[in-house]
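Colleague: Predicted model and sequence follow; I will ask about them next.
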Amino acid sequence: MSVSETAPSVVSQPRVHLLVLLSLGLSHLCNDTIQSLIPAVYPILKSDFSLDFMQIGIITLVFQIAGALLQPAIGLYTDRHPLPYSAVFGMAFTLAGLISLAYASSYVLILASVTLVGIGSSIFHPEATRAARYASGGRQGLAQGIFQVGGQIGGALGPLCAAIFIVSNGRHSLVFFSSTVLLAMLLLGWSARQYWSIQSQFEAAARSSNAKGGRKEHTRRTVTIGLIVLTLLMGSKLTYLESFRSFYTFYLIDRFDVSVSTSQLMLFVFFISSAAGVLLGGIVGDRIGRYRIIWISILGPLPLTMLLPYADLFWTGVLTIGINLVMASAFASIMIYAMDLVPKRIGLIGGMFYGLNFAIGGIAAAFLGSLTDKIGIEGVYQICSFIPIAGFLAIFLPRLAPKASL
């Protein structure tokens, strides 16, 4: 039986702080809009600086590694010394990186700019993840769904903004998105003021649950095996999705000869389907269990991914929606499953898995970029279609004992 397959807790639960969750979700939207602008403007950067696919992959690698390195360390530190306003500070790095990218005059400056944006995200995610858990009122799937769907929608808006606004106005128009960063800073400042109140409610409910025997520590073996399996499952998911995030526009242009704007709009469809999948997976996971959702979301898309490289343009769009709707539903459940393994290390888990998102995405992008230069973009998509087979690793995922989920 999975973490969420338990009877409702008899202990008092903190209330759901919906406004805080919406504020965190909207700030996540703003943060990830800026993040998604980076791959969305790859065709422009490729043209402006005469880049090859390997150089495009290195941009993603540098960006993702910058976003990955600090996250676990920041999460571990703030588990012991909470810094509610650290996310606001992180967005200042994002603002600097965005403006720098708009006016970068060389490949080196592009790399420096995306590094700043990556650092901003690495500071943002751990504390925001903890705040979302505290504001959940025990409905972890709903809370993570709202928080993560904000990020997914933000990821979808980047390509849309690029297609509608940046392609026609040029790379310098990135500077107009500074207002998005400033909005996120305001929202995060307001959420930080609520932090101590929602934390105290959450911890009071947790103490009550512990007193009634609703929660117990997992063995080191269970935690180790669980985190290893979750990491491998997350890695397989991220590697496949990176083929979309960094190279989907090029695939569409190369295979179907569509325009840059059309490819950006289809990338927007990819992100929107992922956003719907994240929210759906979080809500359904509260009902049927994280274990089942993880199985469905990782292995389920395999028949669709196998068909994708051979589909025409219409069915490519249909399969894109289906694949990402199902595959994206895993992220909330994987995060909550990991948090239930080590409930006293919320920031560390948030930093580790969001950092994993960045690191694996960056490594995959660099590898896939190099592979594309050798065998072509269509060959890469044929190889990637087999990646969901890794979903069978869920067999080794520990079944956690029933307990109250806070």
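Modeller: Yes, it's here.

Colleague: just how off-centre is the host helix or strand of residue 149 within its chain?
Modeller: Residue 149 belongs to helix 140-161 when assigned by DSSP states H and E. In terms of CA atoms, centre = their mean, to the nearest Å, the centre of helix 140-161 is found 8 Å from the chain centre.

Colleague: go on, stretch 109-124?
Modeller: Shown here is stretch 109-124, whose average C-alpha point lies 16 Å from the average C-alpha point of the whole chain (CA atoms, centre = their mean).

Colleague: re the thing from before, what residues of the helix holding residue 149 count as buried?
Modeller: 140-161 (16 or more other CB atoms under 10 Å). Yep, even glycine has a C-beta here, placed from its N, CA and C like the rest.

Colleague: One more: stretch 228-245?
Modeller: Neighbour counts using 16+ other CB under 10 Å place 229-245 of stretch 228-245 among the buried residues.

Colleague: Pull the residues that contact that stretch.
Modeller: Contacts of stretch 228-245 from elsewhere in the structure, counted by CB atoms under 8 Å, 6 or more residues apart in numbering, are 36, 39, 60, 155, 267, 270, 274, 294, 297-298, 305, 320, 324, 327-328, 330-331, 334, 337-338, 353, 356-357, 360-361, 364-365, 368, 380-381, 384, 387-388, 390-391, 393-394, 396-398.

Colleague: if we go to 6 Å?
Modeller: Contacts to stretch 228-245, defined as CB atoms under 6 Å, 6 or more residues apart in numbering, come from residues 39, 270, 298, 327, 330, 334, 338, 356, 360-361, 364-365, 368, 384, 387, 390, 393, 396-397.

Colleague: helices and strands of this structure: which one bottoms out on pLDDT?
Modeller: helix 195-211 (a mean of 74; mean pLDDT, DSSP states H and E).

Colleague: Beyond it, next helix or strand please.
Modeller: helix 220-256.

Colleague: Quick one: mean pLDDT for that following helix?
Modeller: Per-region confidence: helix 220-256 scores 87 on mean pLDDT.

Colleague: list the buried ones in the helix or strand that comes right after it?
Modeller: Next in sequence after helix 220-256, counting helices and strands by DSSP H and E, comes helix 260-288. Along helix 260-288, the positions that meet the burial threshold by neighbour count (16+ other CB under 10 Å) are 260, 262-286.

Colleague: Could you do stretch 175-183 as well?
Modeller: Judged by neighbour count using 16+ other CB under 10 Å, the buried positions of stretch 175-183 are 177, 180-181.

Colleague: As CSV, those residues with secondary structure would be great.
Modeller: Below are these laid out as CSV (DSSP: H, G, I helix; E, B strand; the rest coil):
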residue, secondary structure
177, helix
180, helix
181, helix
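
Colleague: so residue 125 sits right up against residue 354, yeah?
Modeller: Yes - the pair residue 125 and residue 354 qualifies as a contact (CB atoms under 6 Å) at a distance of 4.0 Å.

Colleague: So which of those two has more stuff around it?
Modeller: Here residue 125 and residue 354 are compared on neighbour count by other CB atoms under 10 Å; more neighbours surround residue 125, at 29 against 26.

Colleague: distance of residue 16 from residue 279?
Modeller: If you measure residue 16 against residue 279 using CB to CB, to the nearest Å, the figure is 15 Å.

Colleague: Please compute how far stretch 36-45 lies from its chain's middle.
Modeller: Per CA atoms, centre = their mean, the displacement of stretch 36-45 from the mean C-alpha position of its chain is 18 Å.

Colleague: With stretch 319-333 instead?
Modeller: A distance of 12 Å separates the C-alpha centroid of stretch 319-333 from that of its chain, computed with CA atoms, centre = their mean.

Colleague: Contacts for it, please.
Modeller: Stretch 319-333 has contacts (CB under 6 Å, 6+ apart) with 141, 144-145, 148, 237, 270, 273-274, 276-278, 280-282, 285, 290, 293-294, 297-298, 300-301, 304-305, 308, 311.

Colleague: Over to stretch 52-64?
Modeller: Under CB under 6 Å, 6+ apart, the answer for stretch 52-64 is 38, 42, 111, 114-115, 118, 246, 358, 361-362, 365-366, 369-370, 372-373.

Colleague: which among those residues gets closest to residue 90?
Modeller: Within the set of the contacts of stretch 52-64, residue 118 lies nearest residue 90; the separation is 10.5 Å, counting by CB to CB.

Colleague: Sweet, I'm off.
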